[in-house]
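>>> give me the fold of what follows.
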Amino acid sequence: QVQLVESGGGSVQTGGSLNLSCAGSGNTYTVCEMGWYRQAPGLGREVVSSIRRDDGSIKYADSVKGRFTISQDKDDARLYIYLQMNNLKTDDTAVYYCAARRCGGTAFEYWGQGTQVTVSS
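I've put the predicted structure just below:
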């Protein structure tokens, strides 16, 4: 099992910035990819960005390209990913979830509890 804990959400005005963090613990050696998803009120969960542990390759949703930056780090016990969010828009308002995919898995199966991001005009 892998446990994920997010932090860094909050409320900002349009054009502002936030930095989300996620710490992964447990059987982190089984994780090959981590990412950020978000879910706005009344909508489904959508992928925001992801990063592979092996080669560091990154993907972004079109809606956040040029504004959001994902990065990763690790120590002996934990994995960390971050999401630097700049030039925030009201459409970015959502609960943001950290997620992890096991090596050999086809989907993200580990999830954090989510952190609220609210952008107001």
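>>> beta partners for the residue most central in space within the chain?
Nearest to the mean C-alpha position of the chain, by C-alpha atoms, centre = their mean, lies residue 36 at 2.4 Å. For residue 36, the beta-bridge partners under DSSP bridges are residue 49, residue 98.
>>> against residue 121, how distant is it?
23 Å (C-beta to C-beta, to the nearest Å). Every C-beta, even on glycine, is put in place using the N, C-alpha and C of the backbone.
>>> next: residue 21.
Distance, residue 21 to residue 121, by C-beta to C-beta: 26 Å.
>>> the more surrounded of these two?
When residue 21 and residue 121 are compared for neighbours, residue 21 comes out ahead with 16 against 7, by other C-beta atoms under 10 Å.
>>> isn't that one up against residue 82?
Yes - because the distance of 5.4 Å satisfies C-beta atoms under 8 Å, residue 21 is recorded as touching residue 82.
>>> span of stretch 15-35 from start to end?
From its first residue to its last, stretch 15-35 covers 23 Å (C-alpha to C-alpha, to the nearest Å).
>>> in that stretch, what counts as buried?
Residues 18, 20, 21, 22, 23, 24, 26, 28, 31, 33, 34, 35 are the ones in stretch 15-35 that count as buried (16 or more other C-beta atoms under 10 Å).
>>> now for those, which pair is the farthest apart?
Longest distance between any two of the buried residues of stretch 15-35 is 26.2 Å, between 18 and 26; criterion C-beta to C-beta.
>>> give me phi/psi at the closest residue to residue 102 other than its chain neighbours?
Excluding its sequence neighbours, the residue lying closest to residue 102 (C-beta to C-beta, 6 or more residues apart in numbering) is residue 30, at 5.0 Å. Dihedral pair for residue 30: phi -90, psi -10, per degrees, to the nearest 10.
>>> repeat that for residue 29.
For residue 29, the backbone dihedrals (degrees, to the nearest 10) come out as phi -70, psi -20.
>>> residue 13 and residue 119 touch, don't they?
Yes - under the criterion of C-beta under 8 Å, residue 13 makes contact with residue 119 at 7.1 Å.
>>> these two: which is more packed in?
residue 119 (20 against 11).
>>> need the contact list for the nearest residue to residue 77 once chain neighbours are set aside.
Distances taken as C-beta to C-beta, 6+ apart put residue 25 closest to residue 77, at 6.5 Å, once the chain neighbours are dropped. By C-beta atoms under 8 Å, 6 or more residues apart in numbering, the contact set of residue 25 is 2, 3, 5, 77, 78.
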